[in-house]
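*Asks:* Attaching a predicted model along with its sequence, questions to come.
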Amino acid sequence: STTEGPTTRRDDHLKFAKQLLAEWRWNTWLAEYSNAVPFGPPVLLPDPVLEKIALRQVETVADL
């Protein structure tokens, strides 16, 4: 049986950041691009890029 240790605040932050970015990606694609871009939300923000942004402490676009 596999046991996992307690999550850390950093783990929680990363999970939350990834969730927010994924929601933004989906909502933006749906509202702006779903009729024009048939490849789906990942074309706006690919998973590897989403991961890198989520790992950073970004408060503004300038922080990127």
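*Replies:* Sure, I can see it. Numbers count the residues shown, from 1 in each chain.
*Asks:* which one's the longest helix in the protein?
*Replies:* Longest helix in the chain, counting residues (DSSP state H): helix 9-28.
*Asks:* pLDDT on that helix, on average?
*Replies:* Taken as a whole, helix 9-28 has a mean pLDDT of 92.
*Asks:* Give me the buried positions along the next helix or strand after that helix.
*Replies:* Per DSSP states H and E, the first helix or strand lying C-terminal to helix 9-28 is helix 47-55. Using 16 or more other Cβ atoms under 10 Å as the burial criterion, the residues of helix 47-55 that qualify are 50, 54. Any C-beta I mention is one placed from the backbone N, CA and C, and that applies to glycine too.
*Asks:* Please shift the residue numbers so they start at 12 in all later answers.
*Replies:* With 12 as the first residue, the last one maps to helix 58-66.
*Asks:* Helix 58-66 vs helix 20-39, what angle?
*Replies:* 130 degrees (axes from the mean of the first three to the mean of the last three Cα atoms, to 10 degrees).
*Asks:* now for helix 58-66, which elements pack on it?
*Replies:* Judged by 3 or more Cβ pairs under 8 Å, 6 or more residues apart in numbering; DSSP states H and E, the packing partners of helix 58-66 are helix 20-39.
*Asks:* Only alpha carbons, please: show the helix it packs on as CSV.
*Replies:* What follows is helix 20-39, C-alpha atoms only, in CSV (Å, rounded to 0.1, in the frame of the first residue of the first chain):
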residue,chain,number,x,y,z
ARG,A,20,1.5,24.8,1.6
ARG,A,21,3.6,24.8,-1.5
ASP,A,22,1.8,21.7,-2.8
ASP,A,23,-1.5,23.4,-2.1
HIS,A,24,-0.4,26.6,-3.9
LEU,A,25,0.8,24.7,-6.9
LYS,A,26,-2.4,22.7,-7.2
PHE,A,27,-4.5,25.9,-6.9
ALA,A,28,-2.4,27.8,-9.4
LYS,A,29,-2.7,24.9,-11.9
GLN,A,30,-6.4,24.8,-11.4
LEU,A,31,-6.8,28.6,-12.0
LEU,A,32,-4.7,28.5,-15.1
ALA,A,33,-6.6,25.5,-16.5
GLU,A,34,-9.9,27.3,-15.8
TRP,A,35,-8.6,30.4,-17.5
ARG,A,36,-7.4,28.4,-20.5
TRP,A,37,-10.8,26.6,-20.8
ASN,A,38,-13.0,29.7,-20.3
THR,A,39,-10.9,31.9,-22.7
